[in-house]
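1. Everything below, folded, please.
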Amino acid sequence: MPSFQIVPVPQGRITLEGVEETIQKLSIHEDSSEFKRGILPGTLGRSEKGPIWFKYGVQDEMEYNTLDGTGTTKYLEEYVVAFLGNGFIAISNTDNETKDDILSLIKHQFLQDISPETTEFSEEALRKIINDANETLLAYLAPRERSKPERVSGKDRDLPGTDFWDDYGDEPLDKIKVNVDGEETEIRVGFDKYGVVVLYKQSLNLSEQIEALRILAENLFTRLIDPGSYQSTFSDEEEDI
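-> Numbering: from 1, shown residues only. Reported below is the predicted structural model:
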């Protein structure tokens, strides 16, 4: 399932035209390292509804077996960076090293003197999502009392109102899966306390994934995530990302 983390940035700090122009100037081929990292040429995409995205590539090495022994080859991993609008960027959920590289790219190429960070979802935010969702399909909780299981999970067509929710619904949340309103159809999406957003539909192409994230940014993230959670603030007013 495609999964992402969300990066809040000051609205108006990045222009769409500036993003597109910068992306077109940068390439992974400029990296002289043995294992290259950088923007993949030809991956720039733009939606009629605003978002711009590109793919960030990371080369690595893997071993394989041959009749003569073990060989090695380079392969490429691809990660999405999407400017959603409303002051949010989505990046593919990945390892910390690659995440830090992508955040560094965003800082130095698009924000200069702001240090962006991925956000987490607080207990309050997860509760708000459940309250606003059409259905809560799955929840993982961590009971406080030692006499209870260390971690419990419940699955139903809609958990609130079930016996499970009566027993455990007030315990701290780790992860949830819900149905929320989209523009034409519902979006089935997961959230966890570490900030990972999972889109539960494998058949979504990349532009459809970005559109789902745009709707979530507009309808949910603007109410759940502190817009000042980056490491600096500015008052510049340009076209919103």
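
2. which sections of the chain are below the confidence cut-off?
-> Low-confidence segments of the chain (pLDDT under 70): 226-241.

3. Now do the domain split for it, please.
-> With automatic domain parsing as the criterion, the domains of the chain are listed as 3-111, 123-224.

4. now the end-to-end length of the last one.
-> Length of domain 123-224, first residue to last, Cα to Cα, to the nearest Å: 11 Å.

5. Repeat that for stretch 149-158.
-> Start and end residues of stretch 149-158 are separated by 22 Å (Cα to Cα).

6. picking that back up, how about the domains of the chain in JSON lines, adding mean neighbour count and distance to Glu117?
-> For the C-beta atoms, the positions are set from N, CA and C on the backbone; glycine is no exception. Listed next are the domains of the chain as JSON lines, based on neighbours: other Cβ atoms under 10 Å; distance: least, Cβ to Cβ, whole Å:
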{"stretch": "domain 3-111", "mean neighbour count": "16", "distance to Glu117": "7"}
{"stretch": "domain 123-224", "mean neighbour count": "16", "distance to Glu117": "10"}
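
7. Give me the phi and psi angles of Ser153.
-> Here is the backbone geometry of Ser153 (degrees, to the nearest 10): phi -140, psi 150.

8. just Ile210 next, same as before
-> According to degrees, to the nearest 10, Ile210 has phi -60, psi -40.

9. I'd like to know which elements the lengthiest strand in the chain is packed against.
-> As assigned by DSSP state E, the longest strand anywhere in the chain is strand 69-85. For strand 69-85, the elements it packs on are strand 52-66, strand 88-92, helix 96-106, helix 206-216, judged by 3 or more Cβ pairs under 8 Å, 6 or more residues apart in numbering; DSSP states H and E.

10. ok, residues contacting stretch 111-130?
-> 5-10, 13-14, 89, 91, 99, 103, 106-107, 136, 139, 160, 172-173, 176, 178, 180, 191-195, 220, 223-226, 229-232, 234 (Cβ atoms under 8 Å, 6 or more residues apart in numbering).

11. element containing Lys128, please.
-> helix 123-132 (DSSP states H and E).

12. Ile6 in helix, strand or coil?
-> Each residue gets one of three states, and Ile6 gets strand by DSSP: H, G, I helix; E, B strand; the rest coil.

13. Let me know the secondary structure of the closest residue to it other than its chain neighbours.
-> Spatial nearest neighbour of Ile6, chain neighbours left out: Thr119 (5.3 Å); criterion: Cβ to Cβ, 6 or more residues apart in numbering. At Thr119 the chain is in coil, as set by three-state DSSP.

14. ok, now how distant is Thr119 from Tyr64?
-> With distances taken as Cβ to Cβ, to the nearest Å, Thr119 is found 39 Å from Tyr64.

15. what do you get for Ala90?
-> Counting by Cβ to Cβ - Ala90 and Tyr64 are separated by 33 Å.

16. With Gly169 instead?
-> Separation of Gly169 from Tyr64 (Cβ to Cβ): 49 Å.

17. same check, this time on Leu173
-> Shown here: Leu173 relative to Tyr64, a distance of 42 Å by Cβ to Cβ.
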